[in-house]
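Undergrad: Need a 3D model of the sequence below.
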Amino acid sequence: MPKDITTNDVKLHIEDHGGDGRPVVLIHGWPMSGKAWEKQVPDLKSAGFRVITYDRRGFGESEKPDSGYDYDTLADDLHGIVTELELEDASLVGFSMGGGEVARYIARHGDDHLHSVVFAAAVPPYMMKTEDNPDGPLTPDAAQELEAGLKKDRDAFFDDFTKNFFSADGELKVSEEDRQKAIKLCKQSDQTAALGCMEAFGTTDFRADLAKVQTKCLVIHGDSDAIVPIEGSGERTKTVVVHAELEVLEGAPHGCNVSHPEAFNEVLLKFLHR
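TA: Below is the predicted model:
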């Protein structure tokens, strides 16, 4: 059932989809909301898990403050949810930007409440290409171009972004209905939140955070991801978290949980049942 909880003085919109099994917390990507998991929730519920989605501060139906869009604060928001709902033996599934929250959560709060973690098309270990991070998939020029595009025309930006989000090798891999749903979620984002989180996921270094991941870990990534390329993210996360399992979704774009839901859910459920 939908509910709001207040953590870090910010009201967050949560949907606790029920189930008697272990809790699974689904953390959405930028710039959407917990509704982006609609193709995962039914399968996870049917498998007996207690499924929890929430809208990150500044997005969806959550409160939209003027600040707090750094990963320390966002991870603390997640910790507030885990604490408020008294979750134990939980699995955290972070998609894209949400993978950063998973990594930073462990670094700041440990893994006492966790059963496992999943990085799905996720931004760690470090997106920005720098002298000490030459394999980062995001160049400073590209980051500036993204920021300028969002500032100039949100509607045009989200239209183009969702095309890239769901395309592989130039071909849209979802229905136009699914793309329009995503655009609607994007438009619910607050501009300050969208820009703040864009900076956060582009410039935050998670390499030290990933080194602290000791719990069971799965990396899911599409091999045709044009937003967060697997070579600069998923494959590198696997090299840092040496015990992690890496599952590659063939022909899948960034939005692989929507474009390839059957394959995504099969891999995810197989891992969660362990």
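Undergrad: helices or strands up against the helix or strand hosting D77?
TA: Counting by DSSP states H and E, the element that carries D77 is helix 71-84. If you count contacts as 3 or more Cβ pairs under 8 Å, 6 or more residues apart in numbering; DSSP states H and E, helix 71-84 packs onto strand 2-7, strand 10-16, strand 23-27, helix 97-109, helix 191-203. From N, CA and C alone the C-beta is placed, and that goes for glycine too.
Undergrad: Show me which residues of the helix or strand where A142 lies are buried.
TA: Assessed by DSSP H and E, A142 sits inside helix 140-152. For helix 140-152, burial by neighbour count (16 or more other Cβ atoms under 10 Å) applies to 143, 146-147, 150.
Undergrad: Off-centre distance for the helix or strand just after that helix?
TA: Counting by DSSP H and E, the element after helix 140-152 in chain order, helix or strand, is helix 154-165. Here helix 154-165 is found 18 Å from its chain centre; the criterion is Cα atoms, centre = their mean, to the nearest Å.
Undergrad: who touches the helix or strand following helix 154-165?
TA: Following helix 154-165 in sequence order, the next helix or strand is strand 167-168 (DSSP H and E). Here strand 167-168 makes contact (Cβ atoms under 8 Å, 6 or more residues apart in numbering) with 173, 222, 224-226, 251-253, 259.
Undergrad: Identify, from these, the entry nearest to T7.
TA: Among the contacts of strand 167-168, D225 lies closest to T7 (Cβ to Cβ), at 31.1 Å.
Undergrad: Please list all residues in contact with the closest one.
TA: With Cβ under 8 Å, 6+ apart, D225 has these contacts: 121, 168, 233, 252-254, 256.
Undergrad: Including distance to F161, could the buried residues of helix 140-152 go into JSON lines?
TA: Converted to JSON lines, the buried residues of helix 140-152 look like this (distance: Cβ to Cβ, whole Å):
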{"residue": "A143", "distance to F161": "14"}
{"residue": "L146", "distance to F161": "9"}
{"residue": "E147", "distance to F161": "12"}
{"residue": "L150", "distance to F161": "9"}
